[in-house]
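>>> The sequence and its predicted three-dimensional model are supplied below.
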Amino acid sequence: AQATERRIAADIDDSELKAPRDGRVQYRVAEPGEVLAAGGRVLNMVDLSDVYMTFFLPTEQAGTLKLGGEARLILDAAPDLRIPATISFVASVAQFTPKTVETSDERLKLMFRVKARIPPELLQQHLEYVKTGLPGVAWVRVNEELPWPDDLVVRLPQ
């Protein structure tokens with residue numbers, strides 16, 4: 001009887017889902033009742049400690065950026081907010097601009113992919129507002145000696 005009890009307890013422990021990190025469930029990959037192989041994906045999760053916006057800049061602007069430099073993000077869904085971010089990546093090779101860029105002139109140019117990351121401590125303070133895939137505009141400061149214009153001063157949700 002004790003062996004059966006231990007086996008049942010082990011089965012229950014083995015059936016528990018454990019995420020490799022904190023995050024938010026974005027969608028279910030497997031439905032209840034489906035059979036999965038060991039290590040199979042059950043859910044798609046978003047890591048809320050690593051939120052960034054990807055955008056593209058022409059050579060003239062991308063060449064002046066510094067890793068760790070300041071950026072401001074304005075999301076279409078929250079046009080009154082000005083979210084501070086830092087440049088965390090600038091591609092080493094130019095590429096054709098993706099079709100999602102708005103103007104046809106810009107799509108014809110070679111552009112550099114850039115990522116601006118939102119600081120994790122800021123994300124933790126505003127987790128309820130964090131969404132994935134929101135379109136918006138990124139502003140970068142190419143001259144650190146000049147202050148941000150008044151309309152790009154940080155404005156966060158209250």
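Sure thing, it's come through. Residues are numbered from 1 along each chain as shown.
>>> Assumed Arg72 was part of a strand.
Yes: assignment of Arg72 by DSSP: H, G, I helix; E, B strand; the rest coil places it within a strand.
>>> Quick check: it touching Trp148?
Yes: taking Cβ atoms under 8 Å as the definition, Arg72 is a contact partner of Trp148 at 6.9 Å. All C-beta atoms are positioned from the backbone trio N, CA, C, and that covers glycine.
>>> Looking at these two, which is more packed in?
Arg72 (22 against 14; other Cβ atoms under 10 Å).
>>> how close does that one get to Val154?
7 Å (Cβ to Cβ, to the nearest Å).
>>> Mind listing what's buried along the lengthiest strand in the chain?
For the chain, the longest strand by residue count, based on DSSP state E, is strand 78-90. Judged by neighbour count using 16 or more other Cβ atoms under 10 Å, the buried positions of strand 78-90 are 78, 81-88, 90.
>>> do stretch 117-131 as well
For stretch 117-131, burial by neighbour count (16+ other Cβ under 10 Å) applies to 117-118, 123.
>>> Take the residues you listed and keep only those in helices.
Secondary-structure check on the buried residues of stretch 117-131 using DSSP state H: residues within helices are Leu123.
>>> Now tabulate the buried residues of stretch 117-131 in JSON lines and tack on distance to Ala19 and pLDDT.
As requested, those are arranged in JSON lines below (distance: Cβ to Cβ, whole Å; pLDDT from 0 to 100):
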{"residue": "Arg117", "distance to Ala19": "22", "pLDDT": "97"}
{"residue": "Ile118", "distance to Ala19": "21", "pLDDT": "95"}
{"residue": "Leu123", "distance to Ala19": "17", "pLDDT": "87"}
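>>> For Val101, report the pLDDT, please.
Predicted confidence (pLDDT) for Val101: 61.
>>> Can you identify the element that follows whichever helix in the chain runs longest toward the C-terminus?
Longest helix in the chain, counting residues (DSSP H): helix 2-14. Following helix 2-14 in sequence order, the next helix or strand is strand 24-28 (DSSP states H and E).
>>> Please identify the next secondary structure element, helix or strand, after that next one.
Per DSSP H and E, the first helix or strand lying C-terminal to strand 24-28 is strand 43-46.
>>> Parallel or antiparallel, list what pairs with that following strand.
As defined by DSSP bridges, the strand partners of strand 43-46 come to strand 24-28 (antiparallel).
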